[in-house]
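Asker: what follows is a predicted protein model with its sequence.
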Amino acid sequence: MITVKHLQKAYHNPDGSTFTVLKDINCEIGPGEVISIIGPSGTGKSTFLRALNLLDPPTGGEILFGGENILARKYPVHKLRLRMGMVFQSFNLFEHMTVLENVMYAPVTILKKGKDAARSEALALLRKVGMAEKADVLPSSLSGGQKQRVAIARCLAMNPEAILFDEPTSALDPTMVGEVLSVMRQLAKEGMTMLIVTHEMKFARDVSTRIFFMYDGYIHEDGTPDQIFNNPRRSATKAFVQRIRKEVFEVDTDNFDFLGMETSINRFCIKYNIAGKSDSALSLIRMLLPVCMETGHRLTIRITYSELSEEASLDFMLEGADPSTLQAPYTSTRVEWKKAEALCQRTVEETTSRGYRVKFIL
Ligand code: ADP
């Protein structure tokens, strides 16, 4: 359906130098494929999507869509946009139109559909994305997740052959990410051809037929979700997919900002969509901090989250300590420890060259 050969995109800086974002992109995308484009920020993922539907026309190479060269001088861009929809991070709804009018607008004005037919199709699409109840309200009264679902319905109203999603959940409050992803999952199941720039690793692994890992202006690795996430061939891919998010707190004096740490842990949990874990993390800290401080060893608390395994943990590292440190003579310790274990799934104890670490899997 889409063939890309030696695609390049360069920007010209004011000082006359050029900055090549897309260096040499080559790929083939078949009908019904769901391709997630992942990779570090700034590696050209959005630029690639925007090049595909000519929002940011490329500066070199070829794009064939259904066999037609869309970079040919006379190729009608509006025709391409009819066939290839795009969903943006920032929704881009028409704020002065109701939800229903947003979805009907292009079919009526561009496809010249009759109003009645357009209205009933728009309502059916709104029902599909769970937004029919809001048909008559203005977008300003909707949450981010609802706006994005309307934006998807608006895109579907043009009956596109493929849809490009540019970080569709990045601007959303974490509680709303799920509702948008489930609409996208449904579309994928129905066989829609989709290219999705996303940071949602689990979603990418579950719904995609293929993953493009972009790095430094190239598709650095292209493979099935199993290959990219479980057996990446290249080291940059491996480093990216196995990365672990973490935040570390060195609790070195009594003057340590405990409230600041609590706020940071809450924020961390919200950011990685594990808000349900923050209560147990904070209870563990409140329970074990006095016990750890009592030992006199320097303490480091670390919260980690692996996007791929979706495992969150909180660990307490006592520098220069060993397993005996937390046993006698601190009689209260064992009681506290048992209570703490009840707050997590399991614990892992480890003695390292730095000291003794107890990790609570949240
Ligand atoms: P990603 O989506 O992977 O985070 P982008 O495609 O958004 O990356 O951007 C890749 C690089 O191109 C970035 O360094 C960005 O600053 C640069 N870039 C994007 N758009 C422009 C532009 N209009 N002018 C100059 N540089 C740009």
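Answerer: On my side now, so go ahead.
Asker: hang on, His96 packs against Leu138?
Answerer: Yes. Judged on CB atoms under 8 Å, His96 makes contact with Leu138 at a distance of 7.5 Å. C-beta here means a position set from N, CA and C on the backbone, and glycine is covered the same way.
Asker: those two: who's more crowded?
Answerer: Leu138 (16 against 10; other CB atoms under 10 Å).
Asker: need the nearest residue in space to the more buried one, chain neighbours excluded.
Answerer: Excluding its sequence neighbours, the residue lying closest to Leu138 (CB to CB, 6 or more residues apart in numbering) is Thr98, at 6.0 Å.
Asker: break down the stretch 201-350 of the chain into its helices, ranges please.
Answerer: 201-207, 225, 235-241, 258-271, 278-294, 331-341 (DSSP state H, counting those that start in this stretch).
Asker: in a markdown table: those, plus mean pLDDT, mean neighbour count and distance to the ligand.
Answerer: Compiled in a markdown table, the helices of the stretch 201-350 of the chain are given as follows (pLDDT from 0 to 100; neighbours: other CB atoms under 10 Å; distance: least, CB to the nearest ligand atom, whole Å):
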| stretch | mean pLDDT | mean neighbour count | distance to the ligand |
| --- | --- | --- | --- |
| helix 201-207 | 89 | 19 | 14 |
| helix 225 | 95 | 19 | 19 |
| helix 235-241 | 92 | 17 | 12 |
| helix 258-271 | 91 | 15 | 18 |
| helix 278-294 | 89 | 17 | 28 |
| helix 331-341 | 71 | 14 | 40 |
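Asker: got these as TSV, with distance to Gly30 columns?
Answerer: Formatted as TSV, the helices of the stretch 201-350 of the chain follow (distance: least, CB to CB, whole Å):
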stretch	distance to Gly30
helix 201-207	16
helix 225	16
helix 235-241	22
helix 258-271	35
helix 278-294	43
helix 331-341	51
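Asker: and of these, who's closest to Tyr11?
Answerer: Closest approach to Tyr11 among the helices of the stretch 201-350 of the chain (CB to CB): helix 235-241, 23.1 Å.
Asker: what sits up against that closest one?
Answerer: Outside helix 235-241, the residues that touch it by CB atoms under 8 Å, 6 or more residues apart in numbering are 38-40, 201, 213, 215, 220-221, 228-229, 232, 308.
Asker: filter those residues to the buried ones?
Answerer: 38-39, 201, 213, 215, 220-221, 228-229, 232 (16 or more other CB atoms under 10 Å).
Asker: just curious, which of these is nearest to Ile274?
Answerer: Distances from Ile274 to the buried ones among the contacts of helix 235-241, taken by CB to CB, are shortest for Met201, at 13.6 Å.
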